[in-house]
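Chemist: okay, here's the prediction I keep looking at, along with the sequence it came from:
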Amino acid sequence: MKTKNLRTIIAAAAFAVMAGGLIAGVSTGTLSGFGWDTIAALCPLGALGTMIATKTMIPRAVISLVIMAALVLLVGRAFCSWLCPTTLIYRIRDYFRAPKKRRALAEQKNAEIKAISQQELESLKLAKDGADAKGHACGACGKCQPVKHGKLDSRHAVLGGALLSTAIFGFPVFCLVCPVGLTFATVLVLWRAFSAGDATIGIILIPALLIVELVFLRKWCTRFCPLSALMNLVGRFSRTFVPVINDEKCLETAKGASCSKCAEVCEFDINLRHPEFGELTMADCTRCRACVDACPTKAITMPVFAPSKKKGTVEVLEPTLEDLEPKLD
């Protein structure tokens with residue numbers, strides 16, 4: 001079974017179980033706050049917002065934050081790819097998208113990523129030819145320059161706004177529009193409307209908010225989600241189960257061929273081969289294994305502990321000019 005299908009099944013099963021419990025009145029909660037009886041965990045953003053709103057250290061909220069931090073350190077943003085209903089909705093939307101539209105979007109992304117790969121290879125060829133006095137001209141090559149994402153991450157601005165509004169109004173404002181909570185709320189209002197005739201304005205308002213966030217606010221997960229911004233802050237220190245490329249097998253380093261299949265399949269726009277060009281960094285890796293499945297030479301693995309690089313050293317690409325020239329001419 002492909003990992004993508006497995007992720008979809010797990011996310012759908014988790015959503016179905018929690019939605020069923022919500023309808024049946026079983027006290028299991030939802031992904032915004034789940035557990036049983038006195039043993040429960042809160043959404044980390046909701047937990048932080050609750051403590052800011054009440055100006056009180058709440059033990060359950062603190063424990064929820066510690067658990068979140070530990071899980072992110074261990075498996076990164078795995079919640080986003082394996083459990084989050086928002087990602088599940090995106091997959092369902094893509095499944096019902098017209099084949100022609102899917103092909104057009106795939107070709108557009110493929111062209112953009114291939115252009116990045118080709119630019120890197122051309123820079124490497126110039127470096128091998130000794131284009132300047134120092135013997136290299138890697139103006140675009142991310143392998144001989146530090147990775148710098150200078151652009152503002154809009155998610156952190158949304159996170160700051162969510163926490164500031166909580167402090168001002170005295171309650172977690174973002175929880176009212178959180179797509180995870182809205183997804184379960186939509187199930188509940190629709191069930192009440194059809195089973196008990198309890199139709200309120202919520203039956204229109206709640207699904208409408210969800211549609212606005214996931215359809216009109218494009219790339220919610222990579223540009224707006226404050227929960228992913230919170231996990232990003234912790235994910236920067238995660239070193240376990242991180243995708244690693246074996247340069248001896250990778251087509252770009254071993255053969256000088258433009259590939260970047262790993263970047264094409266990433267749902268969160270991380271460019272594993274050329275991280276300086278991705279929309280997000282490895283701090284946002286969701287451990288979805290899509291890059292592992294897509295690599296044509298099986299050059300990508302996810303070891304328990306990623307090998308560390310010594311400070312001051314530079315990872316060097318070493319394809320031969322004979323490999324590069326036929327593909328760059």
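Modeler: Arrived safely.

Chemist: for the chain, which element, helix or strand, carries the lowest mean pLDDT?
Modeler: Counting by mean pLDDT, DSSP states H and E, the chain has its least confident helix or strand at helix 321-328, which shows a mean of 44.

Chemist: model confidence at the closest residue to Gly170 other than its chain neighbours, what's the number?
Modeler: Sequence neighbours aside, Ala53 is the residue nearest to Gly170 in space, at 5.3 Å (criterion: CB to CB, 6 or more residues apart in numbering). C-betas here are computed from N, CA, C, even on glycine. At Ala53, the predicted lDDT confidence score is 94.

Chemist: cool, and Ala283?
Modeler: Note for Ala283: predicted pLDDT of 93.

Chemist: that one is in contact with Asn232, isn't it?
Modeler: Yes: between Ala283 and Asn232 there is a contact under CB atoms under 8 Å: 5.2 Å.

Chemist: neighbour count for these two, which is higher?
Modeler: Neighbour tally, Ala283 and Asn232, criterion other CB atoms under 10 Å: the higher count belongs to Asn232, 21 against 18.

Chemist: so that one: helix, strand or coil?
Modeler: helix (DSSP: H, G, I helix; E, B strand; the rest coil).

Chemist: contact partners for it?
Modeler: Arg77, Asp153, Arg155, His156, Ala283, Asp284 (CB atoms under 8 Å, 6 or more residues apart in numbering).

Chemist: in helices only, show me those residues.
Modeler: Arg155, His156 (DSSP state H).

Chemist: you'd agree the residue nearest to Gly170 is up against Cys175?
Modeler: No: in this structure, Ala53 is not within contact of Cys175 by CB under 8 Å, at 10.0 Å.

Chemist: tell me where the model's unsure across the stretch 1-150 of the chain.
Modeler: Counting by pLDDT under 70, the stretch 1-150 of the chain contains low-confidence residues at 1, 37-38, 124-150.

Chemist: can you give me the strands for it?
Modeler: 29-30, 33-36, 39-42 (DSSP state E, counting those that start in this stretch).

Chemist: can I get the ones you listed in JSON lines including mean neighbour count and distance to Cys266?
Modeler: Below are those laid out as JSON lines (neighbours: other CB atoms under 10 Å; distance: least, CB to CB, whole Å):
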{"stretch": "strand 29-30", "mean neighbour count": "18", "distance to Cys266": "28"}
{"stretch": "strand 33-36", "mean neighbour count": "14", "distance to Cys266": "28"}
{"stretch": "strand 39-42", "mean neighbour count": "16", "distance to Cys266": "28"}
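
Chemist: closest to Leu6 out of those?
Modeler: strand 33-36 (21.3 Å; CB to CB).

Chemist: three-state assignment of Gly256?
Modeler: Once three-state DSSP is applied, Gly256 turns out coil.

Chemist: quick one: neighbours of it, just the number.
Modeler: Gly256, neighbours per other CB under 10 Å, totals 21.
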